[in-house]
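what's the 3D shape of this:
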Amino acid sequence: MARPIGIDLFSGAGGMSLGFEQAGFDVVAAVELDPVHAAVHKFNFPECAIIPKSVTDVSGKFIRKAAGIRSRKVDVVFGGAPCQGFSLIGQRALDDPRNSLVKDFVRIVKELDATYFVFENVKGLTVGKHRKFLFELIEEFEALGYDVQKDWRVLNAADYGVPQDRQRLILMGAKRGSDLPVYPKVISKRPTCEDALGDLPDAETFEQLRLSDAVAGVAYGKPSKYAEALRGQGNDAWGYGHPRNWDQGALTSSARTEHTEISRRRFSDTEQGRVEPISRFFKLPADGVSNTLRAGTDSARGAFTSPRPIHYAYGRCVTVREMARLHGFPDWFRFNVTKWHGARQIGNAVPPPLARAVANSIIKALGKRRTRPAEALDLGDVALLTMGNTEAAAHFGIENPIGRRDKKSGARKRTQAEIELAEAKAANVDDLNVVNVGLGAELDNPNSVQVVTPESEAAHS
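Below is the predicted model:
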């Protein structure tokens with residue numbers, strides 16, 4: 001029996017792709033403008049056609065050709081289109097040029113003649129003046145022959161098996177005459193940060209992770225029930241998705257961050273579940289859930305790194321892999337080797353367990369019996385994980401649409417050195433020496449404070 005078909009728009013690294021695959025869909029095509037994200041998607045989903053274009057530049061016919069599905073039925077189109085424009089009274093918010101990508105989402109759903117759609121977005125669309133936009137979007141779909149679940153919901157990923165407080169609007173619809181999907185039920189017990197991270201070895205015990213994001217042959221602790229599935233263990237680890245061939249003894253996406261000793265003391269002294277006052281980083285509670293993991297900003301808004309939370313057990317920020325665990329990504333799933341891109345890819349993604357719960361609702365509405373793939377897939381070329389935008393664009397044979405996004409912002413920020421000096425003065429430390437160090441540098445003077453400058457950070461982030 002053929003598996004139902006899904007198309008991912010604005011796919012990013014593939015959080016929704018993975019959730020829908022695990023629910024029993026074959027995600028045959030994904031559209032993603034950012035070539036670095038597209039490369040990571042290609043690595044993790046080797047049989048999915050990745051289309052490194054803006055949705056504005058593709059049609060339903062183009063997607064069908066790229067996916068090789070010809071006239072086969074498309075069961076669902078899903079994605080989270082950016083929307084940021086809200087017009088004045090008398091004008092439709094949906095017609096604001098800044099919301100053109102949302103109209104493209106609607107257009108492609110119609111052109112593919114999809115039976116179902118899932119539109120994901122920020123919860124802010126449900127309040128205040130933004131509700132106007134949501135109502136217009138529903139009207140647009142209805143005009144094209146779709147019934148929309150008007151009992152729309154803001155779902156919290158923590159209620160669907162993710163140890164993170166992350167709320168997203170989920171809007172679902174069905175072609176008129178098809179059964180409307182019902183929102184998934186919440187789970188009875190939320191997993192905790194310790195459930196997610198407790199079995200992972202500490203990245204700082206591996207010198208190799210100063211120079212790389214991966215190390216082989218590591219010993220893991222005993223996993224919780226939550227972590228067991230992410231390790232690929234247990235009867236339902238793969239759900240209805242394709243198993244992957246991978247090295248279960250490797251620790252990946254775990255490049256170390258060089259913190260100063262003062263920062264480490266501040267992090268260690270901060271209570272779990274509280275915000276460290278200088279960095280404003282949240283410290284994870286071992287017995288609770290993470291705050292919302294953010295993506296940071298792209299080059300147009302400063303190219304600032306995502307504010308990763310502080311580990312509950314160590315005086316440091318979490319690694320990209322630890323972020324992935326808090327987001328529900330399995331350990332075989334890889335990200336760009338830089339902390340900046342990797343953190344952005346996670347922060348921009350819909351947590352796979354949340355996507356899977358929503359996809360399960362679509363499967364039930366379709367009334368199709370799910371099948372488990374028998375053969376495991378090989379992951380893609382590891383080189384796909386090392387590419388910046390220039391290299392990734394060249395790989396796909398396209399012009400680089402992102403511009404200077406690979407580079408750090410030139411915006412004036414208070415440097416770490418300035419922060420350390422201010423703290424030293426406040427603590428009446430007179431003989432503090434601040435030195436700039438590169439990756440892997442050793443400090444001989446115990447009174448010196450290790451500071452990673454923008455230049456040295458760029459060399460290993």
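
what sits against P35?
52, 387, 389, 392-393, 395-396, 398, 400-402 (C-beta atoms under 8 Å, 6 or more residues apart in numbering). Yep, even glycine has a C-beta here, placed from its N, CA and C like the rest.

Dump these to TSV, plus secondary structure.
Formatted as TSV, these follow (DSSP: H, G, I helix; E, B strand; the rest coil):
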residue	secondary structure
P52	coil
M387	coil
N389	helix
A392	helix
A393	helix
H395	helix
F396	helix
I398	coil
N400	coil
P401	coil
I402	coil
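
Please point out which parts of stretch 175-183 sit buried.
175, 178, 180-181 (16 or more other C-beta atoms under 10 Å).

And that stretch, how far out from the chain middle?
On the basis of C-alpha atoms, centre = their mean, to the nearest Å, stretch 175-183 sits 28 Å off its chain's mean C-alpha point.

before we move on, what about stretch 143-150?
With C-alpha atoms, centre = their mean, you get 29 Å for stretch 143-150.

And for that stretch, what's in contact with it?
So stretch 143-150 is contacted by 106, 109-110, 117, 138, 141-142, 171-176, 178, 180-183 (C-beta under 8 Å, 6+ apart).

Could you list the low-pLDDT ranges of the protein?
1, 83-98, 296-306, 403-461 (pLDDT under 70).

Kindly report the domain assignment for it.
5-189+347-396, 416-460 (automatic domain parsing).

Point out the most buried one among these.
domain 5-189+347-396 (a mean of 20; mean count of other C-beta atoms under 10 Å).

what about it, start to end distance?
End-to-end distance for domain 5-189+347-396: 24 Å, by C-alpha to C-alpha, to the nearest Å.

returning to what we had before: ok, so of the contacts of P35, who is nearest Q167?
I402 (28.1 Å; C-beta to C-beta).

Mind telling me what element M323 is part of?
helix 320-327 (DSSP states H and E).

Surely P243 and P373 touch.
Yes - P243 lies in contact with P373 (C-beta atoms under 8 Å); the separation is 7.2 Å.

what helix or strand does the closest residue to S71 other than its chain neighbours sit in?
The shortest distance from S71 to any non-neighbouring residue, by C-beta to C-beta, 6 or more residues apart in numbering, is to R64 (7.7 Å). Per DSSP H and E, R64 falls inside helix 60-67.

and for that helix, what are the contacting residues?
7, 28-29, 31, 49, 51, 70-71, 108, 110-113.

which ones among those residues are found in strands?
Counted as lying in strands by DSSP state E, out of the contacts of helix 60-67, are 7, 28-29, 31, 49, 51.

What's the separation between F78 and E111?
Distance, F78 to E111, using C-beta to C-beta, to the nearest Å: 15 Å.

One more: G328?
From G328 to E111 the distance is 31 Å (C-beta to C-beta).

Equivalent analysis for E194, please.
The value you get for E194 to E111, if C-beta to C-beta is used, is 47 Å.

swap in A67?
Counting by C-beta to C-beta, the gap from A67 to E111 is 13 Å.

for P52, same thing?
With C-beta to C-beta as the criterion, P52 and E111 are 19 Å apart.

what does G6 give?
In terms of C-beta to C-beta, G6 sits 16 Å off from E111.

how about the helices in this protein?
Secondary structure of the chain by DSSP state H: the helices cover 15-23, 35-44, 60-67, 100-111, 130-143, 193-197, 225-230, 261-269, 320-327, 339-347, 352-366, 389-396, 416-426, 454-460.

what angle do the helix holding R64 and helix 100-111 make?
Helix 60-67 and helix 100-111 meet at an angle of 80 degrees, taking axes from the mean of the first three to the mean of the last three C-alpha atoms, to 10 degrees as the criterion.

Need the contact partners of the strand ranked longest in the chain.
Identified as the longest strand of the chain according to DSSP E is strand 167-175. Residues outside strand 167-175 that contact it (C-beta under 8 Å, 6+ apart): 80, 113-123, 125-126, 134, 137-138, 141, 145-149, 152-157, 180-181, 183, 292, 350, 354, 358, 361-362, 365.

Kindly export that strand (C-alpha atoms) in PDB.
Provided in PDB are the C-alpha atoms of strand 167-175 (Å, rounded to 0.1, in the frame of the first residue of the first chain):
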ATOM      1  CA  GLN A 167       3.500  27.600  21.700                       C
ATOM      2  CA  ARG A 168       2.600  27.600  18.000                       C
ATOM      3  CA  LEU A 169      -0.700  28.300  16.200                       C
ATOM      4  CA  ILE A 170      -1.800  25.300  14.100                       C
ATOM      5  CA  LEU A 171      -4.400  25.900  11.500                       C
ATOM      6  CA  MET A 172      -5.800  22.800   9.700                       C
ATOM      7  CA  GLY A 173      -8.100  22.500   6.700                       C
ATOM      8  CA  ALA A 174      -9.500  19.900   4.300                       C
ATOM      9  CA  LYS A 175     -10.800  20.000   0.800                       C
END
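
partner strands of that strand, parallel or antiparallel?
strand 116-122 (antiparallel), strand 146-148 (antiparallel), strand 153-156 (antiparallel) (DSSP bridges).

Pipe those into CSV and attach distance to C317 per row.
Output for those, formatted as CSV (distance: least, C-beta to C-beta, whole Å):
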stretch, distance to C317
strand 116-122, 24
strand 146-148, 41
strand 153-156, 24
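
one step back: identify, from the contacts of helix 60-67, the entry nearest to Y314.
Closest to Y314, out of all of the contacts of helix 60-67 and judged by C-beta to C-beta, is V31, at 38.6 Å.

Is that closest one in contact with V55, as I believe?
Yes - V31 is within contact range of V55, at 5.4 Å (criterion: C-beta under 8 Å).

intersection of neighbour lists for those two?
9-10.

if we can go back for a sec, so can I have CSV of the contacts of helix 60-67 showing distance to A219?
As requested, these are arranged in CSV below (distance: C-beta to C-beta, whole Å):
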residue, distance to A219
I7, 41
V28, 39
A29, 40
V31, 40
A49, 39
I51, 41
R70, 49
S71, 52
I108, 47
K110, 53
E111, 51
L112, 47
D113, 52
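
Having no further points to raise, I will conclude here.
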